[in-house]
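Peer 1: What shape does this take:
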Amino acid sequence: MNAENPAPQGSDDSLKTITMVVYALQLASFLAGISLLVAVVVNYVKKSDVQGTWLASHFKWQLRTFWFTILWWASALIVLFLVGPLLGGLLFIASVLWMIYRIVQGWVRLYEGKEMYTEP
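Peer 2: Just a heads-up that it's a prediction; the model follows:
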């Protein structure tokens, strides 16, 4: 938020809700994969709304979670075909665990009202 364009009253709560919804969509992607794409679209559409707020760090965290997850899944797929199912499967499982960690860590810090990328 800046002096030229102050945020409307209560917008912090609605932006926090949007941020929470994105975490929920990321988590729901384990049941319905399309929700991961919906989450990243919401991130990009609402990204300018959170600029200058403490929630911008959560959006950065969520976007990095999405893109690195895609990178790890693509890597796991390549390893699966080039090396074999054991190593490819392990890489995929590790990436899923990493994604779950990122979602839970972000959601907890959001609930606590803390930014990401700061000391706990």
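
Peer 1: ok, the residue most central in space within the chain - contacts?
Peer 2: Centroid check for the chain by C-alpha atoms, centre = their mean gives Q62 as the closest residue, at 2.1 Å. Listed by C-beta atoms under 8 Å, 6 or more residues apart in numbering, the contact partners of Q62 are T19, V22, Y23, Q26, A39, V40, N43, G106. In short, each C-beta sits where N, CA and C put it, glycine included.

Peer 1: again, only this time at 6 Å
Peer 2: Taking C-beta atoms under 6 Å, 6 or more residues apart in numbering, we find Q62 in contact with V22, N43.

Peer 1: Does it belong to a helix, a strand or coil?
Peer 2: Assigned with DSSP: H, G, I helix; E, B strand; the rest coil, Q62 falls in the helix class.

Peer 1: now it: how far from W107?
Peer 2: 10 Å (C-beta to C-beta, to the nearest Å).

Peer 1: and if you look at K47?
Peer 2: Distance of K47 to W107, given as C-beta to C-beta: 19 Å.

Peer 1: Compare these two (neighbour count), which wins?
Peer 2: Neighbour count, other C-beta atoms under 10 Å: between K47 and W107, W107 has more, with 18 against 14.

Peer 1: Pull the contacting residues for the nearest residue to the more buried one once chain neighbours are set aside.
Peer 2: Residue nearest to W107 in three dimensions, not counting chain neighbours: Y23, with 4.6 Å by C-beta to C-beta, 6 or more residues apart in numbering. Listed by C-beta under 6 Å, 6+ apart, the contact partners of Y23 are I103, G106, W107.

Peer 1: Please flag which of the residues you listed sit within helices.
Peer 2: I103, G106, W107 (DSSP state H).
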